[in-house]
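Visitor: got a predicted structure here, sequence first:
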Amino acid sequence: MGRAAAGARIASRRHTGADADPPAHRVSALTHRMNGIALMLQHHGRSRRPSGRVLLGTLTLTAAGLFAAQLSVAAGPAAAEDNGLGAKPLLGWSNWSFIGTDPTAAKIDAQADAMKSSGLSSVGFQYVNVDDFYYLCNSSGPEVDANGRWVTDPAKFPASGSTPGMEAVAEHVHADGLKFGMYVTPGIPQNAVTAKSKIAGTSYTANEIATTTAEKNYNCRHMVGIDYSKPGAQAYINSWADELASWGVDYIKLDGVGASDIPDVQAWSTALKQTGRPMWLELSNNLPIANAKTWSSLSNGWRTNGDIECYCWTSGKPRYPLTTWAKVTQRFNSASAWQPYVGPGGWNDFDSLEVGNGSNDGLTVPERQSAMTLWSMASSPLILGTDLTHLDSTDLAMLKNKAVLSVDQDAIASKRIVDSGSGQVFSKRESNGDYVIALFNTSATATTTVSVKLSAVGISGSAGGTDLWTGKATGTLSGTYSVKLGPGAVRLIRVTAGG
């Protein structure tokens, strides 16, 4: 879903900025939010979705348990993105992990077809996203059209008659009943500045809105900043968004984002709304948590970590293994830290879920279950990074487990209630009163017993539960629940209201 390295041309992608939201940005975010509401009313005739949830249930709560339950189902950020999308975290696929730097129309079409034929689309997987390296580069950066926008590589994505290459792929994906996503980075290409490219629909040119500050681009590089106080600046981003909308794009990943790029994020959020086409906006990567409220006010998802890919494959193709258990376990702390910022409209994105290709994923079977469980307990988007045309049968069964998928799609981020070395426990209470509890052993080598007091979850007395991975009843639970877990294993249970 991103890249930390892709040959010598790929720079480090980690952002570690710790600056808090400045007051001006908060005012800007609020103004943008109000503008967004007006735009959605104009284009879609619908108002903002409510973010509150009504809690129902019959299990008895202790005072401490009630407090824990309230924390785990707290309403999302007050200023959630209002583009009519993101009521629940999305399910889909991205080409970066498996296909990497050589995406083509044929490869993307094949993955879309496989998402449909495998049955993944029938359980909710819907987005097929093209990542970086689809556009042309020269020594001065991304090549541009007459209006300063990236030019798609025609060798990778050839036109179909008069239909642009990316539009043709979008049509194929849509014909499969799916949605299509694309990738951009902040700023404006240096080539557009040098050429003084005309900004579509205006009398302004690229050089009139550009700064000399370098922006992140992991392929061609040579993107520079935009001064959004200049006339024509927003119009430039609008024109790019209009082009993407005309191709039938449903999702935009804005990569290389840090705290200094908040104006770019705001510009893209505004631009996507003004197209009149609903487009999910995802931010990447490893965003600073100090700006979490800003990310949630302007986008539908934001990367909380660096890349999930291990970049540890041998030279050549395919790019196996895709990840490592160490990469997955990095997400436990971020799942806890970012939990308060989740809610309808926007989600913490842990990066691609590397489940689908068996041992080529780089994870054992228990580790794959644990990864999908952690993503689901956090209600993170489930964006697969694996090869859908060669799915492992065990992995496919995991991905189609509706009981586990429902945990992701309940749109509630769980709270960590046990953090004891390799023993980790997360829990949440769903709107129907059910409790979902996940007990993890994060050790890659040792078996351990993981325990949780049910009172810490919010349960007093006794209740019955179900193991969501096996479908088997747990028997009566009371007091402390303990389970012996092998290396990298998980126990995921649902405790039903009323026992």
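Guide: Okay, I see it.
Visitor: quick one, helices of the stretch 201-350 of the chain?
Guide: With helices called from DSSP state H, counting those that start in this stretch, the stretch 201-350 of the chain shows them at 233-246, 262-274, 292-298, 325-337.
Visitor: mind listing what Leu353 touches?
Guide: Ala371, Met372, Trp375, Leu382, Ile383, Leu384, Gly385 (Cβ atoms under 8 Å, 6 or more residues apart in numbering). Quick note: C-beta positions are derived from backbone N, CA and C, even for glycine.
Visitor: ok, the second one to Asn286 distance?
Guide: This means Met372. According to Cβ to Cβ, to the nearest Å, Met372 and Asn286 sit 22 Å apart.
Visitor: what about the two, which has more around it?
Guide: Met372 (25 against 22; other Cβ atoms under 10 Å).
Visitor: doesn't Val404 make contact with that one?
Guide: Yes. Contact status for Met372 versus Val404: in contact at 6.4 Å, counting by Cβ atoms under 8 Å.
Visitor: can you list residues touching both of these two?
Guide: In terms of Cβ under 8 Å, 6+ apart, Met372 and Val404 are both contacted by the residues Met398.
Visitor: ok, the spatially closest residue to Thr275 that is not a sequence neighbour - how many residues close by?
Guide: Distances taken as Cβ to Cβ, 6 or more residues apart in numbering put Ala245 closest to Thr275, at 3.9 Å, once the chain neighbours are dropped. Using other Cβ under 10 Å, Ala245 has 19 other residues around it.
Visitor: my guess is Ala245 meets Met279, correct?
Guide: Yes. The criterion here is Cβ under 8 Å, and Ala245 meets it with Met279 at 6.9 Å.
Visitor: returning to that earlier point: what about the contacts of Leu353, which are in helices?
Guide: Members of the contacts of Leu353 lying in helices (criterion: DSSP state H): Ala371, Met372, Trp375.
Visitor: if you compare the helices of the stretch 201-350 of the chain, which one is most tucked away?
Guide: Comparing those by mean neighbour count (mean count of other Cβ atoms under 10 Å), helix 292-298 ranks first with a mean of 26.
Visitor: what sits closest to the most centrally placed residue in the chain if chain neighbours are left out?
Guide: The residue lying closest to the centre of the chain (Cα atoms, centre = their mean) is Asp349, at 3.7 Å. Computed as Cβ to Cβ, 6+ apart, the closest residue to Asp349 that is not its neighbour in sequence is Gly301, at 4.4 Å.
Visitor: ok, that neighbour - contacts?
Guide: Taking Cβ under 8 Å, 6+ apart as the definition, contacts of Gly301 comprise Gly86, Pro89, Leu90, Trp280, Leu281, Glu282, Leu283, Gly346, Trp347, Asn348, Asp349, Pro381.
Visitor: make a markdown table out of those and add pLDDT and distance to Ser160.
Guide: Formatted as a markdown table, the contacts of Gly301 follow (pLDDT from 0 to 100; distance: Cβ to Cβ, whole Å):
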| residue | pLDDT | distance to Ser160 |
| --- | --- | --- |
| Gly86 | 96 | 32 |
| Pro89 | 98 | 33 |
| Leu90 | 97 | 27 |
| Trp280 | 98 | 25 |
| Leu281 | 98 | 28 |
| Glu282 | 98 | 27 |
| Leu283 | 98 | 31 |
| Gly346 | 96 | 35 |
| Trp347 | 98 | 34 |
| Asn348 | 98 | 38 |
| Asp349 | 98 | 32 |
| Pro381 | 98 | 30 |
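Visitor: now, which of these sits nearest Gly258?
Guide: Gly258 has its nearest neighbour among the contacts of Gly301 in Leu283, at 9.9 Å by Cβ to Cβ.
Visitor: so how far is Ala444 from Pro381?
Guide: 26 Å.
Visitor: ok, now Ser97?
Guide: Separation of Ser97 from Ala444 (Cβ to Cβ): 21 Å.
Visitor: repeat that for Asp131.
Guide: With distances taken as Cβ to Cβ, Asp131 is found 29 Å from Ala444.
Visitor: the more surrounded of these two?
Guide: A direct count of neighbours by other Cβ under 10 Å for Asp131 and Ala444 places Asp131 higher, at 26 against 15.
Visitor: give me the next element, helix or strand, following the worst-scoring helix or strand of the chain on mean pLDDT.
Guide: Using mean pLDDT, DSSP states H and E, the weakest-scoring helix or strand in the chain turns out to be helix 63-72, at a mean of 36. Per DSSP states H and E, the first helix or strand lying C-terminal to helix 63-72 is strand 91-94.
Visitor: where does the protein have low pLDDT?
Guide: 1-79, 497-499 (pLDDT under 70).
Visitor: one more time with 90
Guide: For the chain, applying pLDDT under 90 flags the ranges 1-83, 314-318, 461, 496-499.
Visitor: list residues touching both of Ala245 and Met279?
Guide: Taking Cβ under 8 Å, 6+ apart as the contact rule, Ala245 and Met279 both touch Leu272.
Visitor: got the residue ranges for the strands in the stretch 151-300 of the chain?
Guide: Assigned by DSSP state E, counting those that start in this stretch, the strands in the stretch 151-300 of the chain fall at 179-184, 188-189, 210-215, 223-226, 251-254, 280-283.
Visitor: what residues sit buried inside the third one?
Guide: Taking 16 or more other Cβ atoms under 10 Å as the neighbour-count basis, strand 210-215 is seen to contain the buried residues Ala210, Glu215.
Visitor: return the distance of it from the chain's centre.
Guide: Between the centre of strand 210-215 and the centre of its chain there are 27 Å (Cα atoms, centre = their mean, to the nearest Å).
Visitor: quick one, it and helix 233-246 angle?
Guide: Using axes from the mean of the first three to the mean of the last three Cα atoms, to 10 degrees, the direction of strand 210-215 lies 60 degrees away from that of helix 233-246.
Visitor: and for strand 210-215, what's in contact with it?
Guide: 185-188, 192-193, 221, 223-227, 256, 261, 264.
Visitor: mind listing what that strand pairs with, with the direction of each?
Guide: If you go by DSSP bridges, strand 210-215 pairs up with strand 223-226 (antiparallel).
Visitor: got the CA positions of the partner strand in CSV?
Guide: Provided in CSV are the C-alpha atoms of strand 223-226 (Å, rounded to 0.1, in the frame of the first residue of the first chain):
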residue,chain,number,x,y,z
MET,A,223,7.2,17.6,-6.8
VAL,A,224,7.2,21.0,-5.2
GLY,A,225,4.8,22.8,-2.8
ILE,A,226,1.8,24.9,-3.6
